[in-house]
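1. Task: produce atomic coordinates for the following.
(2 chains, ligands or ions: 1)
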Amino acid sequence: MNTDHHVWVYGNNVNTDVIFAGKYTYTLRTEAEIQSVALEDLDPNFASQVQAGDVIVADHNWGNGSSREQAVTCLRYSGINMIIASSFSGLYFRNCINQGIRPVIIEDLYQHLSTGDTITINHDAQTIIANGVAYPIPEFSPSVEAILYAGGLVPMLQERFNTE
Amino acid sequence: MSGLTFAEKALARASGNESVRAGDVVDVRPDVMFSHDNTAYIRKIFLETGAKRILHPERVAITLDHAVPAPTTRHAQNHAEIRQWVREQNITHFFEVGRGICHQVLSEEAIVLSGEVIFGSDSHSTHFGWLGAFGMGVGRTEMASLWATGELWLRVPETMKITLTGHLQSGVTAKDIALYILRTWGSGGGQYRAIEFAGDAIATLSLDERAVLTNSMAEFGAMSAYMPPDEQVFDYLESNRTRDYTPLYPDADAIYSQEEVIDISALQAQIACPHSPDNVLDVTEVIGRKVHQAFIGTCTNGRYEDIAIVAQVVRGQQVQIPLLVIPASSQVLLQATRDGHIATLLEAGVTIGTPGCGPCMGNHMGVPAPNDVAITTMNRNFRGRMGTGDAEIYLANPYVVAMSALAGEIVAYDEAVMVGD
Ligand code: SF4
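-> You can find the predicted model right below:
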């Protein structure tokens, strides 16, 4: 099965403060509120125009900075299920998986795309097709795949403990 | 095949794998998992998942330390909920209000041992590297998951090796090594990697000082930090340990993502200026700056030696500004009392607080006024860290903090002050 996805393309070193500003950490509570300020200081169009299933493509060190989980959840509430970057901050990579967003490392893909372009995910071959080139989606360990499959760490635990 | 880092060895052992490499994703079963005043929040997440019982209550440790004694009804309620949870779940290692800060207390109690893995819902869990354990901070959701399943996935980190050579000059401490590391490579320099300390200088550092270094690697962005444990460490653990252990050491031909050498003999006293722990200068560059409050304490620099240094500095004199000393644990306080240091401090006009985090999180006990300048041995000087947004925080070693408290302004270490001690 193939699915098409619009991309939002960003550069180097996008930190957690521009993804979700620290000043909102304790004031915004609901999903809608948290979503509404996603990437506010980087791309004022993002929060209002993003569609479910869109993919973020960026350069190195996406998500460096603080460990605040809202920097991931604001994107998940925006319908983002995948972020492709040349590299991720280690903590952000970790938070992504725990919140059910698949982080994919593809060096320099951001250079070949612009915001609004379309990429295709081939779910059978586990590849991303951009401009006719196929890039493999690396598979994680079974436990990590289980978290992503469930949509995050909490849903995964809920499935496990509610069926026991 | 090339050799392995400490992180690779420790995580292979804790994940039941023969061998793992940086970049591998593994499921790790830590020997110890701990939390503190945030336990009630973790409990809430745990119950939301539908889980009923903590899988390994004997591996769980909880300390009440972040807001102790409870400053408000809400904090007291939080503590009460945690005590109830400890009883319900039969949690083995529980340490009450006043016992001290998680990292210090679990070290003293030998809850975790060399070569083991410990996860804490606290960013300074890198601390436990001082005794040769793999310590890592995790999120609250991750801790709930650990309670429920006993395991957590992890990407095995790359390792940066920092070799320390030489020996410290008088008035210069491990705090200055930590600040120098932040100054040189920035607060992102550790980049969620593991840090391995190596080199002859480690043997010249006391155990208290070693802990300063591994603890401070949280400010460096490190996932974990490690020092090769020696006989001194094993002696320390011996009286309280309840199980056997096998320390782990990296291979000589392990692969590192970065290797650096620091000659600590050349090091001068350092100071981190507002509002970032890597905004570091030589103390001599900021002398004369007026300060309104001084604080010695925290998991980074609230141990016995820190208090002994303050006693040495202030003996027979009077502090010019409030100097608050909060021992990292009741054991530290007891030892400092027995050795007469606490009497010396009280005579010099110093305030002593209940063992715990004190104003480090800005909760209570020593919050600065707006526009106040504080000088402290703690680990973070972010804006508002001590509870007041427009206060300034300087971070320095205990000599500098104590001497500045005597002067009412930032002063450099003066050997003359120590004469006659
Ligand atoms: S002393 Fe400060 S840094 Fe250490 S655990 Fe307590 S709040 Fe955290």
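2. Touching stretch A:94-106 from outside, list them.
-> Counting contacts by CB atoms under 8 Å, 6 or more residues apart in numbering or on different chains, the residues outside stretch A:94-106 that touch it are A:63, A:67, A:69, A:71-73, A:75-76, A:80-88, A:92-93, A:128, A:135, A:137-138, A:140, A:144, A:147-148, A:150-153, A:155, B:139, B:141-142, B:153, B:155. Just so you know, the C-beta spots here come from the backbone N, C-alpha and C atoms, and that holds for glycine as well.
3. Could you do stretch A:119-139 as well?
-> Residues from elsewhere that reach stretch A:119-139 (CB under 8 Å, 6+ apart): A:1-5, A:7, A:55, A:57, A:82, A:84, A:102, A:104-106, A:109, A:112-113, A:117, A:145.
4. at 10 Å instead, please
-> Contacts of stretch A:119-139 with the rest of the structure, by CB atoms under 10 Å, 6 or more residues apart in numbering or on different chains, involve A:1-7, A:53, A:55, A:57, A:81-82, A:84, A:102-107, A:109, A:112-113, A:117-118, A:145, B:25.
5. buried set for that stretch?
-> A:Ile119, A:Ile121, A:Thr127, A:Ile128, A:Ile129, A:Ala130, A:Tyr135, A:Ile137 (16 or more other CB atoms under 10 Å in any protein chain shown).
6. With stretch B:355-372 instead?
-> Under the neighbour-count criterion of 16+ other CB under 10 Å, stretch B:355-372 has B:355-368, B:372 buried.
7. Out of the contacts of stretch A:119-139, which end up buried?
-> Using 16+ other CB under 10 Å, the buried ones in these are A:5, A:7, A:55, A:57, A:81-82, A:84, A:102-106, A:109, A:113, B:25.
8. just checking, B:Tyr399 touches B:Val283?
-> Yes: with contact taken as CB atoms under 10 Å, B:Tyr399 and B:Val283 are classed as touching, separated by 9.4 Å.
9. shared neighbours of these two, anything?
-> B:Gly171, B:Val172, B:Asp176, B:Ala269, B:Val411, B:Ala412, B:Tyr413.
10. Which residue, neighbours along the chain excluded, lies closest to the third one?
-> To tie it back to what came earlier, the one meant is B:Asp176. Closest residue to B:Asp176 in three dimensions, ignoring its sequence neighbours and counting by CB to CB, 6 or more residues apart in numbering or on different chains: B:Gln270, at 4.6 Å.
11. For the one you found, which residues are in contact?
-> Contacts of B:Gln270 were listed using CB under 10 Å, 6+ apart, and they are B:172-173, B:175-183, B:280-283, B:285, B:395-397, B:400.
12. how does it look with 8 Å?
-> Contact analysis of B:Gln270 by CB under 8 Å, 6+ apart lists B:Lys175, B:Asp176, B:Leu179, B:Tyr180, B:Arg183, B:Val280, B:Leu281, B:Asp282, B:Val283, B:Ala396, B:Asn397.
13. So which of those are in helices?
-> B:Lys175, B:Asp176, B:Leu179, B:Tyr180, B:Arg183 (DSSP state H).
14. Enumerate the residues of chain A near chain B.
-> Residues of chain A found near chain B, taking CB under 8 Å from any CB of the partner chain as the criterion, are A:64, A:67, A:69, A:89-91, A:93-95, A:97-98, A:140-141, A:143-144, A:147, A:153-154, A:157-158, A:160-162, A:164.
15. now B:Leu213: how far from chain A?
-> Distance, B:Leu213 to chain A, by CB to the nearest CB, to the nearest Å: 21 Å.
16. swap that for B:Leu146, please
-> Relative to chain A, B:Leu146 is positioned 11 Å away (CB to the nearest CB).
17. how about the nearest residue to that residue, chain neighbours excluded?
-> For B:Leu146, the nearest residue in space outside its immediate sequence neighbours is B:Met33; the separation is 4.8 Å by CB to CB, 6+ apart.
18. how deep is the one you found tucked in, by neighbour count?
-> 25 (other CB atoms under 10 Å in any protein chain shown).
19. Can you verify it is assigned to a helix?
-> No: the assignment for B:Met33 by DSSP: H, G, I helix; E, B strand; the rest coil gives strand, which leaves it out of any helix.
20. Looks like it contacts B:Glu116 (just checking).
-> No: in this structure, B:Met33 sits apart from B:Glu116 without contact. The criterion is CB atoms under 8 Å, and the distance is 11.5 Å.
21. out of the contacts of stretch A:119-139, which are inside helices?
-> Among the contacts of stretch A:119-139, the subset assigned to helices under DSSP H consists of A:Glu145.
22. ok, and of the contacts of stretch A:119-139, which contact the ligand?
-> Among the contacts of stretch A:119-139, no residue is within reach of the ligand (CB under 6 Å from any ligand atom).
23. related to what we said a few turns ago, how much space separates the residue nearest to B:Leu146 from chain A?
-> For B:Met33, the distance to chain A (CB to the nearest CB) stands at 15 Å.
24. Under a three-state scheme, what state does A:Ala32 occupy?
-> Assigned by three-state DSSP, the conformation of A:Ala32 is helix.
25. Now do the same contact list for A:Thr3.
-> Residues touching A:Thr3, when contacts are defined by CB under 8 Å, 6+ apart, comprise A:Gly53, A:Thr120, A:Ile121, A:His123.
26. Nearest residue to B:Gly362 in space, please, no chain neighbours.
-> Distances taken as CB to CB, 6+ apart put B:Gly387 closest to B:Gly362, at 2.7 Å, once the chain neighbours are dropped.
27. Can you tell me how far the residue lying closest to B:Gln320 once chain neighbours are set aside is from the ligand?
-> Taking CB to CB, 6+ apart, and ignoring the residues beside it in sequence, B:Gln320 has B:Gly408 as its nearest neighbour in space, at 3.8 Å. As for B:Gly408, its distance to the ligand is 25 Å (criterion: CB to the nearest ligand atom, to the nearest Å).
28. B:Gly408 and B:Gln318 touch, don't they?
-> No: taking contact to mean CB under 8 Å, the distance of 10.9 Å between B:Gly408 and B:Gln318 leaves them out of contact.
29. Please say which of those two ends up with more neighbours.
-> Relative neighbour count places B:Gly408 above the other of B:Gly408 and B:Gln318, with 14 against 11, counting by other CB under 10 Å.
30. so A:Leu28 touches A:Ile34, yeah?
-> Yes: the pair A:Leu28 and A:Ile34 qualifies as a contact (CB under 8 Å) at a distance of 5.2 Å.
31. Now restrict the residues of chain A next to chain B to buried residues only.
-> Buried among the residues of chain A next to chain B by 16+ other CB under 10 Å: A:64, A:67, A:69, A:89-91, A:93-95, A:97-98, A:140-141, A:144, A:147, A:153-154, A:157-158, A:160-161.
32. Helices - which of these land there?
-> Filtering those for helices - DSSP H - leaves A:90-91, A:93-95, A:97-98, A:144, A:147, A:153-154, A:157-158, A:160-161.
33. need the strands for the stretch 251-400 of chain B, in chain order.
-> The residue ranges that make up the strands of the stretch 251-400 of chain B, judged by DSSP state E, counting those that start in this stretch, are B:258-263, B:270-272, B:280-282, B:293-296, B:323-325, B:351-352, B:373-376, B:392-396.
34. One more: chain A?
-> Taking DSSP state E, the strands of chain A run over residues A:2-9, A:55-58, A:82-85, A:102-105, A:118-122, A:127-130, A:133-136.
35. Dump these into a markdown table; add mean pLDDT as well.
-> Conversion of those to a markdown table gives the following (pLDDT from 0 to 100):
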| stretch | mean pLDDT |
| --- | --- |
| strand A:2-9 | 98 |
| strand A:55-58 | 98 |
| strand A:82-85 | 98 |
| strand A:102-105 | 96 |
| strand A:118-122 | 97 |
| strand A:127-130 | 97 |
| strand A:133-136 | 96 |
